[in-house]
Every structure is written in structure tokens, then in C-alpha cells.
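Participant: No letters, just coordinates:
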């Protein structure tokens with residue numbers, strides 16, 4: 001293998017592979033006409049056939065390779081020349097060059113970023129609904145504005161926790177309905193609040209699905225319970241969703257049930273206040 005100047009070249013005795021950035025060229029030996037050392041200490045590998053046909057693959061009529069040192073260049077050249085001596089080149093090697101271009105990796109948002117995006121989508125619509133409700137409110141303008149602003153703030157304060165709790169309950173329902181059980185490994189944890197012990201600790205788990213897909217650091221839907229070290233490391237029985245393997249969970253714990261009820265009870269207070277503020281503004 002040669003790797004220098006942003007180009008990596010590999011030769012397995014049958015084909016030459018040249019990688020530059022996200023593009024890979026594969027050239028069989030019979031597509032090559034000659035290989036020689038350059039005065040700069042690199043290699044020049046010529047492709048058989050008319051030079052004008054090189055436009056089809058973009059590599060050029062010959063491949064210029066730089067080497068990290070003279071010894072590696074000589075070894076690579078020796079392999080190439082030995083293979084070329086035993087192979088008859090075709091009339092047009094350019095037609096045999098295969099080009100592959102990898103697409104840039106998609107950047108996936110993390111859980112927090114996805115939550116921010118969801119909120120950013122909902123808040124403008126939420127505000128617009130409150131504004132339109134204020135226009136048709138039977139209350140005077142000042143009272144309508146005050147109650148709708150208060151109701152909107154209380155609605156967010158209570159609605160967001162209730163929505164998050166509902167999503168976790170839905171995930172548990174989906175896992176119970178179609179989940180597949182496997183044994184995984186706890187690789188860490190996520191603590192979303194320093195108070196309340198393990199009620200706010202979610203294990204990160206790594207496991208392999210039944211079809212061989214490796215999943216790493218998947219957060220559990222439910223929190224841990226108790227204060228044993230296995231909450232942070234060690235093997236764990238888990239269930240994952242085969243339609244969405246990133247949805248997985250440890251077994252349901254008493255702590256998670258208590259946490260969910262606690263969140264729902266606390267969030268219900270501002271949610272009820274929001275309803276009390278908004279109801280008088282309804283035009284019917």
C-alpha cells in the first residue's frame with residue numbers, strides 16, 4: 001500500500017485500487033500498460049488505450065502516485081511489474097476502470113437537538129392559535145391578552161412534561177407489543193437530574209439484534225431502580241423494537257412507574273391552570 005499526498009493506492013496482485021477523498025478507482029491489471037518510477041520518487045502507472053478515453057473515469061491517461069519513502073515505492077513497483085509481465089493488456093483499459101463515489105455521511109441530530117427542533121416547529125403554531133383565539137375572544141382586549149399569555153406559558157410548562165411522559169409510555173407499549181428480547185451490556189448512563197437518586201438515571205446499552213445489527217449506547221426507555229453497580233455496567237436483559245432498534249429498554253421498574261406518576265401529577269397543575277385561563281376566551 002502507498003499513502004501520500006491525499007491518495008491511497010492498494011494492489012492485491014489482480015487489481016489496483018486508488019482512493020482520493022470520497023472517490024475510489026478500481027483498475028484490473030489487464031487495464032494497465034506499464035508502471036515506472038518517477039524522478040520525484042513516486043510511481044507513474046499508464047492505462048492502456050487512447051488517452052482521450054480517460055475523460056470517462058476522470059483519473060487521467062496515467063496514475064501518478066507519491067510514496068512515503070523509496071523502499072515502499074520500490075516494493076509496490078516490483079509487485080506491479082511482476083503482475084504486468086504475466087498479463088496481456090487490453091486494447092482499451094479505460095473501459096475497465098470502475099469508479100465509486102461515496103456520498104457524504106448524513107449528520108443525524110442527537111436526542112436533545114431533535115427535541116429542540118420539535119419545539120421550534122410547535123411553538124409558532126401554538127402562538128398563532130392563541131393569537132387567533134384572542135381575536136375572537138368575548139373578553140376585553142386587555143383581559144384576553146393577559147389570560148392567553150398566562151395560559152400559553154402554563155400550557156408549555158405542563159404540556160411538555162406530559163408529552164414526554166406520554167412518549168415513554170407509548171414506547172413501552174410498542175416494546176410490549178412487538179419487542180424482541182436479547183441480552184446486552186450496560187455501557188454507561190444518562191442522568192437528567194442530580195436529585196432523586198436513580199429515578200432520573202437512564203442506562204446506555206449496547207446489544208446485537210437478531211439479524212446481526214450492532215447497536216451501541218442506546219438509552220433505555222425506563223430508568224434504573226435501586227443503587228447497585230449493575231445500573232451503570234454489566235450485562236442486562238433488554239427488549240428492543242425490531243422496526244426501530246434505537247428504541248430499547250430494560251425491564252419496567254417500580255422507580256420508573258413512580259417517576260412517571262410524579263411527573264404527570266406535577267405537570268397536571270400548570271396544565272389545569274392553562275385550561276382555566278384559556279376556556280373563558282372561547283367564543284362559544
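Facilitator: Received, thanks. Because the structure is predicted, anything quoted here is derived from the model rather than measured. Numbering: from 1, shown residues only.
Participant: which residues does residue 21 contact?
Facilitator: residue 6 (C-beta atoms under 8 Å, 6 or more residues apart in numbering). All C-beta spots, glycine's among them, are computed from the backbone N, C-alpha and C.
Participant: actually residue 48, sorry about that
Facilitator: Counting by C-beta under 8 Å, 6+ apart, residue 48 makes contact with 31-33, 89-94.
Participant: Provide the strand pairings for the host helix or strand of residue 217, with the direction of each partner.
Facilitator: Element membership for residue 217, per DSSP states H and E: strand 214-219. Using DSSP bridges, strand 214-219 pairs in its sheet with strand 201-208 (antiparallel).
Participant: can you give me the mean pLDDT across the partner strand?
Facilitator: Mean per-residue pLDDT for strand 201-208: 88.
Participant: what does it rub up against?
Facilitator: Residues outside strand 201-208 that contact it (C-beta under 8 Å, 6+ apart): 182-192, 214-224, 231-232, 236, 238, 240, 248, 250.
Participant: Would you mind checking those for buried ones?
Facilitator: Among these, those classed as buried by 16 or more other C-beta atoms under 10 Å are 182, 184-187, 189, 215, 218-224, 231, 236, 238, 240, 248, 250.
Participant: follow-up on the earlier one: elements contacting the next helix or strand after the strand holding residue 217?
Facilitator: Where DSSP H and E defines the elements, the next helix or strand beyond strand 214-219 is strand 234-241. Helices and strands touching strand 234-241, as assessed by 3 or more C-beta pairs under 8 Å, 6 or more residues apart in numbering; DSSP states H and E, comprise helix 141-178, strand 180-191, strand 201-208, strand 244-249.
Participant: now the angle between strand 214-219 and strand 234-241, please.
Facilitator: 100 degrees (axes from the mean of the first three to the mean of the last three C-alpha atoms, to 10 degrees).
Participant: List the pairing partners of strand 234-241 within its sheet, with orientation.
Facilitator: When pairing is defined by DSSP bridges, strand 234-241 lines up against strand 180-191 (antiparallel), strand 244-249 (antiparallel).
Participant: Surely residue 51 and residue 59 touch.
Facilitator: No - judged on C-beta atoms under 8 Å, residue 51 makes no contact with residue 59 at a distance of 11.4 Å.
Participant: neighbour-wise, which of the two wins?
Facilitator: Shown here are residue 51 and residue 59; by other C-beta atoms under 10 Å, residue 59 has more neighbours (20 against 12).
Participant: one step back: show the buried residues in the contacts of residue 48.
Facilitator: For the contacts of residue 48, a burial check counting by 16+ other C-beta under 10 Å picks out 31-33, 89-90, 93-94.
Participant: How is this protein divided into domains?
Facilitator: According to automatic domain parsing, the chain comprises the domains 2-101, 111-270.
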